[in-house]
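Enquirer: just to be clear, the model below is a prediction. Sequence and coordinates:
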Amino acid sequence: MPELPEVETMRRGIARVVGARVVAVERPACKLRPIALSPARMPQWRKRLVGRAITGTSRAGKRVVIELDSGDRLIFEPRMTGLVLLADPPDIEHLRLRLELVGRGARQLLFWDRRGLGSARLVTGKEFAERYGLDKLGPDALDISAEQLRERLRASRRAIKVALLDQRALAGVGNLYASEILHLCGIHPARRCDRLTRGDWQAIVAAMHDVLATAIHFEGSTLSDGTYRNALNQAGGYQNHHRVYDRADEPCTRCRKARVVRIVQAQRSTFYCPACQKK
DNA sequence: CATATGTCCTGAGAGC
DNA sequence: TGCTCTCAGGACATAT
């Protein structure tokens, strides 16, 4: 589930690793599928990581990026259940990678992932540009302007909710926040992109910036499964502010009259208020 | 080209 | 109670 607010919270939580140096790399022995990180690559990883200094942290859409003084980048992609941690992990059997650090900021940097859909990648600067350039990943959802988003999606016949999930159009929005954004601006999730007005695009982007900034303020959403945690293994708080997500049949938080409806779009749940979001 | 669907994965919760 | 089944949705591969 980690989307832009959760990944940005993880990144801020580990920002203190900047200036630290990697002294050891461990891939804990476990029977998990090696999707996160192949054990066979460990020798090469150690060669490229041990002795290197961390020069920066950033975010590429829903990925946390660790910048190294060699120019290499270590990329953590949490997908559904991945966590990037400084603190000890929720359990030891799903720990995928541990970097031991020396420096004032932190002693360790961990990647933990219960379901194993996530990944850790070590790429060169050139590979990073190829893989996460603007043709692969759209402008960040926090930075994109209404006119930019409109330009990228105005010809699309897809439903706006589905299009907001397209990471080549804009980076960072996932299934949870797409519903929240459309509820805040009062636009029906099934409205086709090519039927939206300039005013609609302005409303969508304003709502997107509002929802994402507020969710970051509350350090993201920890759903009922409790999986998502910040870098210190603490739950987020934005789940207490959800407008429609996972609230099917409950009264709308805005009009208090209609009940929230759940539909399925592109095999994903969408939640909306039929009174506040007319088609 | 644009859009739609199938796949991976684990554990929580439903239903019997 | 304990079993089986369904579902959750990130990104990407493949199909239409």
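Expert: Arrived safely, thanks for sending.
Enquirer: need the pLDDT of the residue in the stretch 1-150 of chain A that DNA strand C sits nearest to.
Expert: Residue nearest to DNA strand C within the stretch 1-150 of chain A: A:Leu117 (3.4 Å; CB to the nearest atom of the strand). Where you see a C-beta, it was placed from the backbone N, CA and C, and this is true even at glycine. Here, the pLDDT recorded for A:Leu117 equals 87.
Enquirer: A:Trp201 too?
Expert: Turning to A:Trp201, the model gives it a pLDDT of 97.
Enquirer: helix, strand, or coil at it?
Expert: In three-state terms, and counting by DSSP: H, G, I helix; E, B strand; the rest coil, A:Trp201 is helix.
Enquirer: tell me, how many residues neighbour the residue lying closest to it once chain neighbours are set aside?
Expert: For A:Trp201, the nearest residue in space outside its immediate sequence neighbours is A:Arg150; the separation is 4.0 Å by CB to CB, 6 or more residues apart in numbering. Number of residues near A:Arg150 (other CB atoms under 10 Å) recorded here: 19.
Enquirer: again with A:Cys276
Expert: Per other CB under 10 Å, the neighbour tally for A:Cys276 reads 22.
Enquirer: residue contacts, it?
Expert: With CB atoms under 8 Å, 6 or more residues apart in numbering as the criterion, the residues that contact A:Cys276 are A:183, A:186, A:252, A:254-255, A:258.
Enquirer: again, only using 7 Å
Expert: Neighbouring residues of A:Cys276 by CB atoms under 7 Å, 6 or more residues apart in numbering: A:183, A:186, A:252, A:254-255.
Enquirer: hang on, the earlier thing: nearest residue to the residue of the stretch 1-150 of chain A closest to DNA strand C in space, please, no chain neighbours.
Expert: Closest residue to A:Leu117 in three dimensions, ignoring its sequence neighbours and counting by CB to CB, 6+ apart: A:Arg79, at 4.2 Å.
Enquirer: I'd assumed that neighbour was in a helix, is it?
Expert: No - counting by three-state DSSP, A:Arg79 is not part of a helix but coil.
Enquirer: mind listing what's buried in stretch A:96-106?
Expert: A:96-99, A:101, A:103, A:105-106 (16 or more other CB atoms under 10 Å).
Enquirer: closest one of those residues to A:Asp246?
Expert: Minimum separation from A:Asp246 among the buried residues of stretch A:96-106 (CB to CB) is found for A:Arg96, which lies at 27.6 Å.
Enquirer: quick one: pLDDT of that closest one?
Expert: On pLDDT, A:Arg96 comes in at 90.
Enquirer: so it sits in a strand?
Expert: Yes - membership of A:Arg96 in a strand is supported by three-state DSSP.
Enquirer: shaky segments in the stretch 1-150 of chain A?
Expert: Flagging of the stretch 1-150 of chain A using pLDDT under 70 yields the residue ranges A:29-37.
Enquirer: please redo it, this time with the cut-off set to 50
Expert: Judged against pLDDT under 50, the stretch 1-150 of chain A has no low-scoring part.
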